[in-house]
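J.: Mind looking at a prediction? Sequence and model below.
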Amino acid sequence: MSLYKDASLAMIPSAYKDGKLYSIRPTDGSGDFTFSRGSNLAATRVDVNGLIEKGRENLVLQSNQFDTTWGTDVSTITSGQSGYDGTSDAWLLSRTGAYGRFGQVISLNGLYTFSLYVKAGTKSFVRFGSSSGNVDAYFNLSNGEVTSSGALIIDAKTTDVGNGWYRCQMTFSATLSYLNVWVADSNGDVTGTTGTIYVQDAQLEQGLASTDYIETGASTAQAGILEDMPRLDYSGGASCPSLLLEPQRSNLFPNSEYFGSWQVFRGSLTANSITSPEGVVNAYRYEENADTGQHFVRFQSISMTSGTNYTASVFVKAGEKTSVILGTNAPSIWSASATFNLSTGEVTSGSGTIEPMENDWYRCIISGECLTTSSSAGLEITTSSGVGSSGDGLYIYGAQMEVGSYPTSYIPTYGSSVTRSNEDNVELVSMQSKGITTSGAWSLFFDISKEEDGKAEDINSVILVLNGLLNGTMISVRKYYVGYTEGTLRFYSNLDGSTIGYIETTNKKWCLVVNDKEVKIYSDGALKYTSTQINSHNGLDDIQLLNGTSERTPTNYSSVLVFPTALTQSEAIALTA
């Protein structure tokens, strides 16, 4: 819109980095917003491809400097070898005695995947893991086969990357104090005294599958959605992103993706069976057997408190089975339940919601109030009751149980509950000190939406605050959400020190126009309110984008514009139409 070029501040989510959200105007950085979330990688977003994007971290140090924090035992390691990527960054591991290896001391407890690029030298086998044998895997580098794996290995596989190189990976859930790599003579045999293999680019990460390699040095390295990175979200198939702000939430399931830690009834689970909603092959397949009775996967022993609302969700994709039931093993404790049609994307019975994702995945959601305090309630993912259809199944990924009456974005867990911090500190402080003048006359436009959760108390959710002075009175601009069956945005202000009540609209665009004599509020392409009680003011000083308390619903900001003049009525109508 041509008016954008007249704005002294324009925040339209497009560019960002950890801790900062860039404005497109001004271009000197003075209009950039600071952003703070917390110190973990719990937050995710839906990216431009419609896939869930996580924070990722390579937990090994010196991931391709194997003569530093890595130790060798009856072996040597030599740099400068031809690598899988066309560089000379690979290493030659040479065994000088029985059990020759190299490795790194590291403290692990949970779900991890270790990967390393490996090529045969004079030996064609490699062993990953610990000395115990419970966490280890053997790989044949002549054909890429996984020849054996220990009792605690969830999955092991290889990826052929060309020229004899394989990316070998093993996934495990265990407590370890080190990881080693051995030159092997054959499956199960590391007793030889000579032999070589080539190695390059080690990675250890949480989760069920290896992801794109992240180089590390003296400290771990991260990629994806970092701790304080603003989330530009494309949920719902949006072509342009919005800034997603959410309250603090915890995923109470300690293993959101590792369904091997759940109970399995009248069927079987297979890890890493299909590409998940994050675009990685790390979703499970549940397959029924022919037994009679309920066929399901269950997580039990969630602590729930009477009178508290809980929301459970899981991503599900149809296989031969096209219907799934989400419910509880203890209806007297928590009675939420619904049946979902994975072909049509509909809720066919019970009370639930279903959200489409890419590649025919759906997020199935149920909510309800806990009736009795207990530590034995949980979630069941059920495919059918009665006689099972042997070999028929569906796919599951990303289970979440959270306190609240609506779902928030997915929080991955890998062995313990994880909390995503509240996002209520997106701020542009002291606009005037940064040269963004708004004294005399100014206008503010914002495009904002809030998810409906049917909670009447959300009337009090403050999601946008503007600070300044009008006749010595602090400006407090607030936008509210209310409604049980249809979303309605409401606006409340005491710009002139008086209460004007609510202005209702389903439109998410608002424009405030302020001068020395009056304040006007536009929405729905129309003038909604006028006050003439203002004689003087000191301008707009501070903008904060807020989400509210932990019980408030997620907020999406599509744009915020500040104009150093009072827009005309026709301009304000055009902006908000």
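T.: All right, it came through fine.
J.: Every contact and neighbour count from this point should use C-alpha atoms.
T.: Fine.
J.: Break the protein down into its domains, please.
T.: Per automatic domain parsing, the structural domains of the chain span 2-40+424-576, 71-222, 249-418.
J.: Show the end-to-end separation of the longest one, please.
T.: Read that as domain 2-40+424-576. Terminal residues of domain 2-40+424-576 lie 14 Å apart, using C-alpha to C-alpha, to the nearest Å.
J.: for the second one, same thing?
T.: Distance between the two ends of domain 71-222: 24 Å, counting by C-alpha to C-alpha.
J.: repeat for the last one
T.: By C-alpha to C-alpha, the extent of domain 249-418 from end to end equals 9 Å.
J.: Run through the residues that contact Asn134.
T.: Ser149, Gly150, Ala151, Leu152, Ile153 (C-alpha atoms under 8 Å, 6 or more residues apart in numbering).
J.: and the residues you listed, which are buried?
T.: Among the contacts of Asn134, those scoring as buried are Ser149, Gly150, Ile153 (criterion: 16 or more other C-alpha atoms under 10 Å).
J.: circling back: quick one: closest of the domains of the chain to Ser239.
T.: Ser239 lies closest to domain 2-40+424-576 among the domains of the chain, at 11.6 Å (C-alpha to C-alpha).
J.: which stretches of the stretch 101-250 of the chain form strands?
T.: Here the stretch 101-250 of the chain has its strands, by DSSP state E, counting those that start in this stretch, at 101-120, 125-129, 136-140, 145-149, 153-162, 165-184, 196-206, 221-224, 231-233, 242-245, 249-251.
J.: Alpha carbons only: can I get the fourth one in CSV?
T.: Below are the C-alpha coordinates for strand 145-149, written out as CSV (Å, rounded to 0.1, in the frame of the first residue of the first chain):
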residue,chain,number,x,y,z
GLU,A,145,23.7,-52.2,5.8
VAL,A,146,23.1,-52.0,9.5
THR,A,147,24.4,-55.5,10.6
SER,A,148,23.4,-55.4,14.3
SER,A,149,22.3,-53.0,17.1
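J.: Can you spell out which helices and strands pack onto that strand?
T.: Counting contacts by 3 or more C-alpha pairs under 8 Å, 6 or more residues apart in numbering; DSSP states H and E, strand 145-149 packs against strand 136-140, strand 153-162.
J.: The first one too?
T.: Of the remaining helices and strands, those touching strand 101-120 by 3+ C-alpha pairs under 8 Å, 6+ apart are strand 71-73, strand 165-184, strand 196-206.
J.: Run a quick neighbour tally on Val519.
T.: 21 (other C-alpha atoms under 10 Å).
J.: Could you do Asp28 as well?
T.: Asp28 has 9 nearby residues by other C-alpha under 10 Å.
J.: The one 3 residues further on too?
T.: Residue crowding around Gly31 was assessed by other C-alpha under 10 Å; the count is 24.
J.: Just say helix, strand or coil for the residue nearest to it when sequence neighbours are not counted.
T.: Leaving aside its sequence neighbours, Gly31 sits nearest to Ser23 (C-alpha to C-alpha, 6 or more residues apart in numbering; 5.8 Å). Three-state assignment for Ser23 (DSSP: H, G, I helix; E, B strand; the rest coil): coil.
J.: any idea how far Asp32 is from Ser23?
T.: 5 Å.
J.: do Tyr397 as well
T.: 37 Å.
J.: More neighbours: which of these two?
T.: Tyr397 (26 against 23).
J.: My read is that the more buried one contacts Glu257, right?
T.: Yes. Counting by C-alpha atoms under 8 Å, Tyr397 touches Glu257, with 5.6 Å between them.
J.: Give me the common contacts of these two.
T.: Listed contacts common to Tyr397 and Glu257 are Asn282, Ala283; contacts here mean C-alpha under 8 Å, 6+ apart.
J.: ok so, going back, so what's the residue nearest to Gly31 up against?
T.: With contacts defined as C-alpha under 8 Å, 6+ apart, the neighbours of Ser23 are Leu9, Ala10, Met11, Ile12, Pro13, Ala15, Gly29, Gly31, Asp32, Phe33.
J.: Can you give me the buried ones in stretch 177-194?
T.: 179-190, 192-194.
J.: what mean pLDDT does that stretch have?
T.: If you average the pLDDT over stretch 177-194, you get 96.
J.: and it, how far out from the chain's middle?
T.: 38 Å (C-alpha atoms, centre = their mean, to the nearest Å).
J.: For it, give me every contacting residue.
T.: So stretch 177-194 is contacted by 93-108, 123-130, 138-140, 147-148, 195-197 (C-alpha under 8 Å, 6+ apart).
J.: hmm, try it at 7 Å
T.: Residues from elsewhere that reach stretch 177-194 (C-alpha atoms under 7 Å, 6 or more residues apart in numbering): 95-108, 123, 125-130, 138, 147, 195-197.
J.: Show the buried residues in the residues you listed.
T.: Using 16+ other C-alpha under 10 Å as the burial test, the contacts of stretch 177-194 include 95-104, 108, 123, 125-130, 138, 195-197 as buried.
J.: can you list the contacts of Asn134 in TSV and add pLDDT?
T.: Formatted as TSV, those follow (pLDDT from 0 to 100):
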residue	pLDDT
Ser149	96
Gly150	94
Ala151	94
Leu152	95
Ile153	97
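J.: Specify the local secondary structure of the nearest residue to Ser250 once chain neighbours are set aside.
T.: Excluding the flanking residues, the one nearest Ser250 by C-alpha to C-alpha, 6+ apart is Thr419, at 4.0 Å. What three-state DSSP gives for Thr419 is strand.
J.: Isn't Thr419 up against Pro247?
T.: No. At 10.5 Å, Thr419 does not count as touching Pro247 under the criterion of C-alpha atoms under 7 Å.
J.: my guess is Lys17 contacts Met229, does it?
T.: Yes. Applying C-alpha under 7 Å, one finds Lys17 in contact with Met229, separated by 5.9 Å.
J.: out of those two, which sits in the more crowded spot?
T.: Met229 (22 against 15).
J.: Could you pull out the buried residues of stretch 87-95?
T.: Residues Asp89, Ala90, Trp91, Leu92, Leu93, Ser94, Arg95 are the ones in stretch 87-95 that count as buried (16+ other C-alpha under 10 Å).
J.: quick one: contacts for the third one?
T.: Contacts for Trp91 (C-alpha under 7 Å, 6+ apart) come out as Ile77, Thr78, Ser79, Gly80, Gln81, Tyr198, Val199, Gln200.
J.: hey, what's the fifth one bridged with?
T.: As for beta bridges, Gln81 partners with Ala90 under DSSP bridges.
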